[in-house]
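1. Sequence first, then the predicted structure:
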Amino acid sequence: MSDAIDLLIQPLGQTLVMIVASTLLATLFGGGLGVLLFSLSNEHFAGGHRGARIAKHIADRAINMLRSFPYIILMVLVLPLSRLIVGTSLGTIAAIVPLSIAAIPFLARIVESSLSEIDPGVIDAAISCAASKARIVVAILIPEALPSLISGLTLTMISLLGYSAMAGVIGGGGLGDLAIRYGYQRFRGDVMALAVIAIIVLVELIQFAGTALANRIRASR
Amino acid sequence: MLHNLSLSVPKGSIHGIIGKSGAGKTTLIRIAGLLEKPDSGSVWYEGIPSPVHLLRGRELLEARRKAGFVFQGFNLFASRTAAENVAFPLEAAGWPRPKIRGRVEELLELVGLGDKADRPSMHLSGGEKQRVAIARALANHPAILFSDEATSALDPETTRSVLDLIRALRQMLGLTVVMVTHQMEVVRRICDTVSVIEGGHIVEQGLVSEVFTAPRSDAARAFLMEYRDE
């Protein structure tokens, strides 16, 4: 049993590296893309313009397409991209590339819908305060939607945890890979159980932290 | 929805816009307040040489600073305290922090909320929320204040106190006020002049005393009748 725990340490680290790094990248790019999607359809931003409608249409198709790939296929498809970006298509760092690419459109949709749920009257008020659009996004819209954005980010991290279990296919390691290689292929039921428990604990921790943070912000209002 | 409609309001007056729901009151005030663009026609503000509805970028923001807007639903920023709500238009205008603090204090005093500055905005009562919204709308020293049913969500007593505040602010700041309303109370208590809108047209316009003693339009008569029924 104690060697099972030893076996757990490295994969746990790999899983954490994969989900933290891909969450950060998804927040940066997916968050930005989400704001863009929102502004392309909001009448106070770019919405209503012909160009915006076309851009929104193209972005919608691209995002839906990216989201419809089964993850395992997406992972193999982006191998050349991983080689281009991080110099290798194998290992934990390489696994961050497909994870981020899966998470970006996912989070973009979540951000888009969180921002769309803001009371249009509040956006009217921000506009009438004579603020630039960038300032309205940063100083009003994101803070207004923050609890819902945090819930969305929590959801994204938990999906990423699920996807990261497949990273073993490209040598990314992680808890899922441990469960398959030791638990399944080498008949180590204890390692399998431990890996699964570790994943469950991670999900609970992420969910707990996300819910607590969102509730705290809601309660302070 | 609006056709052939022309409205100009003398400086320093309080002008009411009344009419049935769907008559186009809100569209009119949103166009005048630069929240919506007209399909045709133009909006002019005193001191700006070109029609303001065509402005873009920095010039549009400058024009918006000449007009404050208050809404039926208050539309405060829930993520901000009372003081932070009032500070937002000043942040947007690039004021330095210490100056913002002083101006926000002054504005909250002006609307009688000096002691509520640090309250989360959602913890304020309806009347207090509207006072914060008025302070926010006045932050950049606008020449004109647009009100879209600003007292419609308030009880009669709070309505009166908010109306008295608006009248006092007009006096103190030389503000021009344009108020869309369906409340007789608003027109009778603080408006100097009134426009009656029906089907996207102004069907009657004049001093409140004239329009209400001798209404010429069906819409004005209907408005008076409804009030009598109350």
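-> Structure received.
2. since we're on residue 16, how many residues are nearby?
-> Looking at chain A here, since you left the chain open. 15 (other CB atoms under 10 Å in any protein chain shown). Backbone N, C-alpha and C define where each C-beta goes, glycine included.
3. not quite, I wanted chain B
-> For B:Gly16, the count of nearby residues is 25 (other CB under 10 Å).
4. In contact with it: list those residues for me.
-> Counting by CB atoms under 8 Å, 6 or more residues apart in numbering or on different chains, B:Gly16 touches B:Met179, B:Val180, B:Thr181, B:Val186, B:Val187, B:Cys191, B:Thr193, B:Val194, B:Ser195, B:Val208.
5. For chain A, which residues score under the pLDDT cut-off?
-> A:1 (pLDDT under 70).
6. hmm, back to that, list just the nearest of the contacts of B:Gly16 to A:Ile217.
-> B:Val180 (34.6 Å; CB to CB).
7. so what's that closest one bridging to?
-> In this entry, B:Val180 is beta-bridged to B:Ile17, B:Asp148, by DSSP bridges.
8. which residues touch A:Leu213?
-> Counting by CB under 8 Å, 6+ apart, A:Leu213 touches A:Ile150.
9. what's the distance between it and chain B?
-> 14 Å (CB to the nearest CB, to the nearest Å).
10. Tell me the secondary structure at the residue of chain B most remote from its centre.
-> Relative to the C-alpha centroid of chain B, counting by CA atoms, centre = their mean, B:Pro98 is the outermost residue, at 28.2 Å. Of the three states, B:Pro98 takes helix according to DSSP: H, G, I helix; E, B strand; the rest coil.
11. where's it relative to B:Ala83, distance?
-> Spatial separation of B:Pro98 from B:Ala83 under the definition CB to CB, to the nearest Å is 14 Å.
12. which element is A:Val111 on?
-> Using DSSP states H and E, the secondary-structure element containing A:Val111 is helix A:92-116.
13. do the helix or strand following that helix and chain B meet?
-> For helix A:92-116, the following helix or strand on the C-terminal side (DSSP H and E) is helix A:120-128. Yes: residues of helix A:120-128 contacting chain B under CB under 8 Å from any CB of the partner chain: A:Gly121, A:Val122, A:Asp124, A:Ala125, A:Ala126, A:Ile127, A:Ser128.
14. ok, so of those residues, who is nearest B:His201?
-> Nearest to B:His201 out of the residues of helix A:120-128 next to chain B is A:Asp124 (CB to CB; 25.2 Å).
15. give me the number of residues near the closest one?
-> A:Asp124: 20 neighbours (other CB under 10 Å).
16. That one - nearest residue in space that isn't next to it in sequence?
-> B:Leu35 (5.6 Å; CB to CB, 6 or more residues apart in numbering or on different chains).
17. Let me know the pLDDT of that neighbour.
-> The confidence metric pLDDT takes the value 94 at B:Leu35.
18. Specify the local secondary structure of it.
-> Relying on three-state DSSP, one would call B:Leu35 coil.
19. That one: what's it in contact with?
-> B:Leu35 touches A:Asp124, A:Ile127, A:Ser128, B:Phe69, counting by CB under 8 Å, 6+ apart.
20. can you give me the helices for chain B?
-> Using DSSP state H, the helices of chain B run over B:25-32, B:57-64, B:82-92, B:97-110, B:126-138, B:156-173, B:184-190, B:208-213, B:218-229.
21. nope, chain A is what I was after
-> In chain A, the helices defined using DSSP H lie at A:2-25, A:31-41, A:50-68, A:71-77, A:79-86, A:92-116, A:120-128, A:133-135, A:142-164, A:175-178, A:189-219.
22. Quick one, which of these gets closest to B:Asp164.
-> Closest to B:Asp164 of these is helix A:120-128 (CB to CB; 23.1 Å).
23. Quick one: buried ones out of the residues of helix A:120-128 next to chain B?
-> Among these, the ones that count as buried by 16 or more other CB atoms under 10 Å in any protein chain shown are A:Val122, A:Asp124, A:Ala125, A:Ala126, A:Ile127, A:Ser128.
24. Can you add distance to A:Ala52 and give those residues back as CSV?
-> Below are these laid out as CSV (distance: CB to CB, whole Å):
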residue, distance to A:Ala52
A:Val122, 21
A:Asp124, 19
A:Ala125, 23
A:Ala126, 19
A:Ile127, 17
A:Ser128, 22
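25. For stretch A:157-177, give the distance from the opening residue to the closing one.
-> One end of stretch A:157-177 to the other measures 18 Å (CA to CA, to the nearest Å).
26. Now do the buried residues in it.
-> So stretch A:157-177, judged by 16+ other CB under 10 Å, has buried residues A:157-161, A:163-170, A:172-177.
27. which residues touch that stretch?
-> So stretch A:157-177 is contacted by A:8, A:10-12, A:14-15, A:18-19, A:22-23, A:26, A:71-72, A:75-76, A:79, A:82, A:89-92, A:94-95, A:98-99, A:102-103, A:106, A:179-181, A:195, A:198-199, A:202-203, A:206-207, A:210 (CB under 8 Å, 6+ apart).
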